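S.K.: coordinates only, sequence not included:
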DNA sequence: AGAACTTTTTAAAAAATAATTAAAAAAGTT
DNA sequence: AACTTTTTTAATTATTTTTTAAAAAGTTCT
């Protein structure tokens, strides 16, 4: 399990990090809102612990921003019991919260509880369980894609790639970007891995993989999706 | 479907409310026993989730009072395993219960199960109930299944699995989810247990267990049921 | 055209996950 | 208490996915 802690109090972050690492979690840290949003694109993150008070962008805004592209569970840390309603309500979409100062044991329990109740479909990236763009449908429950009503089973990585591409149609991603987002910030492997996955994705979804109509190559830059 | 939640922990109510609304339920809330009884006169309420510990009037008394004028299904929330028999017995007339802390998924499953038992001829309170989806019939009375009119005896866990899968056809459950829901949220055992149960279930219900047509595997994610 | 660089394709190795089997443990019955 | 059934654990085998590596094909630039 990989979690991201977002708080500007470095000492607190250190403490939480230590505690969760003891339990076998992988822990990433961000110290302001901007950084947090950037890191939240990392699909391998399973949960985010987010402080309400942050420099640059406040926690609630960060939460909202992340919710625009991700359904990753978020546990908020707040100073006082104020605005709880908003935090948990649909408005911002956090999954749980804790008031500071809190007990690390309790935080652990909350995190576990939130992770536990996530079903695979809910852990998916978007709110809807099916997203449809042109003839392309993404089913986040069964994690497969259908093109012109032909359903195609994808592997985990293939679906993650497809998801990112389709939901950001037209945006070009470098191989490095893709490694960061889909394989995780700290992935040590080779960048050519992406090529192979893209190729196999094309093999599955393109009418003619040699002349892709969905997943295009931007030469010297990366890949992008375009509606056929 | 309209349900009423009765609990004085407002945050808990909020969480449950949010979760059930996500599933398309209409959710009302009451924060003490008096209020609950008053609201229970609303004949459009399909089910009540009722905490045992309440201010003013305790949950059991509330349950009894409501039973004087209504047959609405009631699911009790209790703190520890105490006097379950009484709660469920004729004395108080609750339909099911859950011990705190509980998993929201489990609560959802229980509520669905209770509603299911009630729907056909709710007023009659007859225990016989059979759910039929395609060629698959679930007999909740004898807790066995029949497929294309071939009756198959299942063990307890097998039936629980089958129940969850069939009633949530198409939804993928991870092994962890299944442990939470069927074995209980604090079950300490190994996740591979699920594999073995699924295998034996397949052995019983699948025409060819090696190529399942009902209980499918979503690789890297979990299992799901699909009508053959 | 040819060198330098980038992408595609292919094949095989490595890693991760699932199915199967058998035996032990637990629960329930007679 | 002995027996039967069900559930769990553990180990093995099989399968699928992912990664690595290298050759082939395609661009760009001088």
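M.R.: That came in fine, so what should we check first? Owing to the predicted nature of the structure, the values given are computational and were not obtained by experimental measurement. Residues are numbered from 1 along each chain as shown, chains lettered A, B, ... in the order given.
S.K.: what's around residue A:48, how many residues?
M.R.: Using other C-beta atoms under 10 Å in any protein chain shown, residue A:48 has 25 other residues around it. C-beta here means a position set from N, CA and C on the backbone, and glycine is covered the same way.
S.K.: show me the contacts for it.
M.R.: With contact set as C-beta atoms under 8 Å, 6 or more residues apart in numbering or on different chains, residue A:48 has these partners: A:3-6, A:36, A:40, A:66, A:72-75.
S.K.: so it sits in a strand?
M.R.: Yes. Residue A:48 forms part of a strand when assessed by DSSP: H, G, I helix; E, B strand; the rest coil.
S.K.: tell me the bridge partners for it.
M.R.: For residue A:48, the beta-bridge assignment (DSSP bridges) gives partners residue A:4, residue A:74.
S.K.: which of the contacts of residue A:48 lies closest to residue B:23?
M.R.: Residue B:23 has its nearest neighbour among these in residue A:73, at 17.6 Å by C-beta to C-beta.
S.K.: what about that closest one, neighbour count?
M.R.: 23.
S.K.: ok, now residue A:11?
M.R.: For residue A:11, using other C-beta under 10 Å, the count is 8.
S.K.: repeat that for residue A:132.
M.R.: Other residues near residue A:132 come to 12 when the count uses other C-beta under 10 Å.
S.K.: now it. Nearest residue, chain neighbours left out?
M.R.: Spatial nearest neighbour of residue A:132, chain neighbours left out: residue A:138 (7.6 Å); criterion: C-beta to C-beta, 6 or more residues apart in numbering or on different chains.
S.K.: so what touches stretch A:173-185?
M.R.: Residues outside stretch A:173-185 that contact it (C-beta under 8 Å, 6+ apart) are A:2, A:28, A:39, A:41-45, A:157, A:160-161, A:164-165, A:187, A:189, A:191-195, A:221-224.
S.K.: filter the residues you listed to the buried ones?
M.R.: Burial by neighbour count, 16 or more other C-beta atoms under 10 Å in any protein chain shown: within the contacts of stretch A:173-185 this picks out A:2, A:28, A:39, A:41-45, A:157, A:160-161, A:164-165, A:194, A:222-224.
S.K.: before we move on, back to that, pretty sure the residue nearest to residue A:132 sits in a helix.
M.R.: No. Counting by three-state DSSP, residue A:138 is not found in a helix; it is strand.
S.K.: what residues are up against it?
M.R.: Contacts for residue A:138 (C-beta under 8 Å, 6+ apart) come out as A:126, A:130-132, A:145, A:159, A:162-163, A:166-167.
S.K.: circling back to that earlier point, if we check DNA strand C, which of the buried ones among the contacts of stretch A:173-185 are in contact?
M.R.: Residues of the buried ones among the contacts of stretch A:173-185 in contact with DNA strand C (C-beta under 7 Å from any atom of the strand): residue A:222.
S.K.: can you map out the helices along chain A?
M.R.: All helices of chain A, identified by DSSP state H, fall at A:10-22, A:33-40, A:59-69, A:84-88, A:104-117, A:156-167, A:175-178, A:192-205.
S.K.: what residues sit buried inside the third one?
M.R.: The neighbour-count criterion (16+ other C-beta under 10 Å) identifies A:59-60, A:62-63, A:65-67 as the buried residues of helix A:59-69.
S.K.: the last one too?
M.R.: Within helix A:192-205, the residues that qualify as buried are A:194, A:197-198, A:200-202, A:204-205, counting by 16+ other C-beta under 10 Å.
S.K.: repeat that for the first one.
M.R.: Residues A:12-13, A:16-17, A:20 are the ones in helix A:10-22 that count as buried (16+ other C-beta under 10 Å).
S.K.: looking at those, which one is closest to DNA strand C?
M.R.: Closest approach to DNA strand C among the buried residues of helix A:10-22 (C-beta to the nearest atom of the strand): residue A:20, at 20.1 Å.
S.K.: correct me, but the closest one touches residue A:28?
M.R.: No. Applying C-beta atoms under 8 Å, one finds residue A:20 not in contact with residue A:28, separated by 10.6 Å.
S.K.: please enumerate the shared neighbours of those two.
M.R.: residue A:3.
S.K.: domains of chain A: list them as residue ranges, please.
M.R.: Domains of chain A are assigned by automatic domain parsing as A:2-117, A:130-225.
S.K.: okay, those, which one's buried deepest?
M.R.: domain A:2-117 (a mean of 18; mean count of other C-beta atoms under 10 Å in any protein chain shown).
S.K.: what about that domain, distance to the chain center?
M.R.: Averaging C-alpha positions (C-alpha atoms, centre = their mean, to the nearest Å) puts domain A:2-117 13 Å from its chain's average.
S.K.: and the pLDDT for the nearest residue to residue A:206 once chain neighbours are set aside?
M.R.: With C-beta to C-beta, 6+ apart as the criterion, residue A:206 has its nearest non-adjacent residue at 5.0 Å, and that residue is residue A:212. At residue A:212, the pLDDT value in this model is 95.
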